[in-house]
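Student: Just the structure for this:
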Amino acid sequence: MARYNDSAKMATSKGVIQGYTGVIAVDAKHQVIVAAVAHGSGSEQEVLLPVIEQTAAYRNTQTLITADAGYHSEANLEQLHDQDIPALIADGHMRKRDPRFADQDKHQDKPHPLHNKQPPKPTGKFRPQDFTYDPHTNTRICPAGKSLYSNGSHRKTNGRTHHKFQGSQSTCGRCELRERCLRYPDKTPTRQIAFFDKQQASPLHYTERMKRAIDSREGRKQYGQRMAVVEPVFGNLRYNKRLDRFTLRGQAKVNTQWHLYCLVHNIEKLAHHGYGQ
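Tutor: Here you go, the predicted model:
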């Protein structure tokens with residue numbers, strides 16, 4: 001019987017290759033790897049909870065888990081909520097809602113590895129579904145994280161009932177996302193949006209709750225530390241330790257190779273911090 005090597009198609013800077021992804025959980029204080037796994041799935045979502053489970057012995061009540069958008073899913077967020085594990089997991093549109101990244105597109109000079117396999121990204125204005133409903137305050141949260149307040153819940157247009165929301169002059173007037181939000185940003189003072197009966201919003205789900213948490217001032221501050229914590233570790237493994245590709249086949253062997261390099265990284269970290277002296 002043929003034995004598959006458990007690899008998957010992976011998007012890289014050199015295009016799509018058949019391979020594995022190395023995942024790690026890193027201690028924020030000393031950048032020591034506390035959990036690691038190499039997996040051959042095209043999606044990282046399924047590996048989030050198993051890796052977090054490996055960190056159980058190292059977590060305490062002050063521990064906050066942060067992860068990028070590759071690990072985001074409604075199911076993962078629900079499990080984290082049910083297990084009472086504090087976490088900030090980015091979604092695919094997090095940066096688009098952050099005014100600090102309003103001009104990030106001009107810095108992207110390389111095409112996406114899957115540019116010929118995915119539909120073009122929309123470049124139009126923000127749509128109604130981009131405005132999240134908060135039933136507790138009866139407001140809509142715009143992509144910039146500001147509130148649009150209810151301006152009538154039983155209005156009628158051409159016989160159709162709708163709920164109208166409108167931003168304030170103080171928030172819309174100086175918003176950095178006006179060009180993407182308003183059709184005529186030079187003439188229109190605030191954004192107005194109407195939701196008809198068939199589009200009435202449902203209560204916040206786990207994804208919407210996470211958006212609110214990560215878009216808050218404290219959420220952005222805490223999540224902003226993620227890159228400085230984990231990315232240097234990948235840089236050390238890839239460039240300093242020269243692990244630019246796995247050289248074995250089969251998930252078990254690749255996972256062993258990944259753990260070996262992570263172990264070398266940790267030994268180096270302990271040595272530099274004077275462990276045992």
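
Student: In its sheet, which strands sit next to the helix or strand hosting K9, and in what direction?
Tutor: Taking DSSP states H and E as the definition, one finds K9 inside strand 8-12. Using DSSP bridges, the strands paired with strand 8-12 are strand 15-19 (antiparallel).

Student: Could I get the buried residue list for the partner strand?
Tutor: Counting neighbours by 16 or more other Cβ atoms under 10 Å, one finds that the buried residues in strand 15-19 are G19. Where you see a C-beta, it was placed from the backbone N, CA and C, and this is true even at glycine.

Student: correct me, but H162 touches F196?
Tutor: Yes - judged on Cβ atoms under 8 Å, H162 makes contact with F196 at a distance of 4.4 Å.

Student: Which one of the two is surrounded by more residues?
Tutor: H162 (18 against 13; other Cβ atoms under 10 Å).

Student: Quickly list what the more buried one is bridged to.
Tutor: R155, F196.

Student: Check the gap between it and R155 for me.
Tutor: 6 Å (Cβ to Cβ, to the nearest Å).

Student: Give the residues shared as contacts by these two.
Tutor: Contact criterion Cβ atoms under 8 Å, 6 or more residues apart in numbering; residues shared by H162 and R155: A194.

Student: Would you map the helices across this protein?
Tutor: 48-54, 74-82, 94-97, 169-172, 178-181, 206-215, 217-223, 226-235, 251-272 (DSSP state H).

Student: can you pull the buried residues of the last one?
Tutor: This points to helix 251-272. By neighbour count with 16+ other Cβ under 10 Å, helix 251-272 contains the buried residues Q251, V254, N255, Q257, W258, Y261, C262, H265, N266, K269.

Student: In the stretch 101-250 of the chain, where is pLDDT below threshold?
Tutor: Low-confidence segments of the stretch 101-250 of the chain, defined by pLDDT under 70, span residues 102-123, 158-159, 197-204.

Student: separation between S150 and A194?
Tutor: 11 Å.

Student: Quick check: neighbours shared by those two?
Tutor: Listed contacts common to S150 and A194 are H163, K164, F165; contacts here mean Cβ under 8 Å, 6+ apart.

Student: how near is E208 to H136?
Tutor: In terms of Cβ to Cβ, E208 sits 11 Å off from H136.

Student: The two: which is more packed in?
Tutor: E208 (20 against 7).

Student: so what's that one up against?
Tutor: Per Cβ under 8 Å, 6+ apart, neighbours of E208: T132, Y133.

Student: Identify the residue spatially nearest to T157, adjacent ones excluded.
Tutor: Closest residue to T157 apart from its sequence neighbours, by Cβ to Cβ, 6 or more residues apart in numbering: A194 at 7.4 Å.

Student: any residues touching stretch 72-83, and which ones?
Tutor: With Cβ under 8 Å, 6+ apart as the test, stretch 72-83 has contacts from 45, 48-49, 52, 65, 87, 89-92, 205-207, 209-210.

Student: Narrow those to just the buried residues.
Tutor: Q45, L48, L49, I52, I65, A87, I89, A90, D91, Y206, T207, M210.

Student: distance of the closest residue to the first one other than its chain neighbours from G15?
Tutor: I take that to be Q45. Residue nearest to Q45 in three dimensions, not counting chain neighbours: S73, with 4.5 Å by Cβ to Cβ, 6+ apart. Separation of S73 from G15 (Cβ to Cβ): 26 Å.

Student: ok, of the contacts of stretch 72-83, which one's closest to F101?
Tutor: Using Cβ to Cβ, A90 is the member of these that sits closest to F101, with 11.8 Å.

Student: Next, that closest one: phi, psi?
Tutor: Note on A90: backbone dihedrals following degrees, to the nearest 10 are phi -70, psi 150.

Student: ok, and the closest non-adjacent residue to it?
Tutor: Of all residues not flanking A90 in the chain, A69 sits nearest, at 4.5 Å (Cβ to Cβ, 6+ apart).

Student: So that neighbour is in contact with G92, correct?
Tutor: Yes - the criterion here is Cβ under 8 Å, and A69 meets it with G92 at 4.9 Å.

Student: hey, what's in contact with both of the two?
Tutor: Overlap between the neighbourhoods of A69 and G92 is empty, taking contacts as Cβ under 8 Å, 6+ apart.

Student: and stretch 194-212, how far apart are its ends?
Tutor: 21 Å (Cα to Cα, to the nearest Å).
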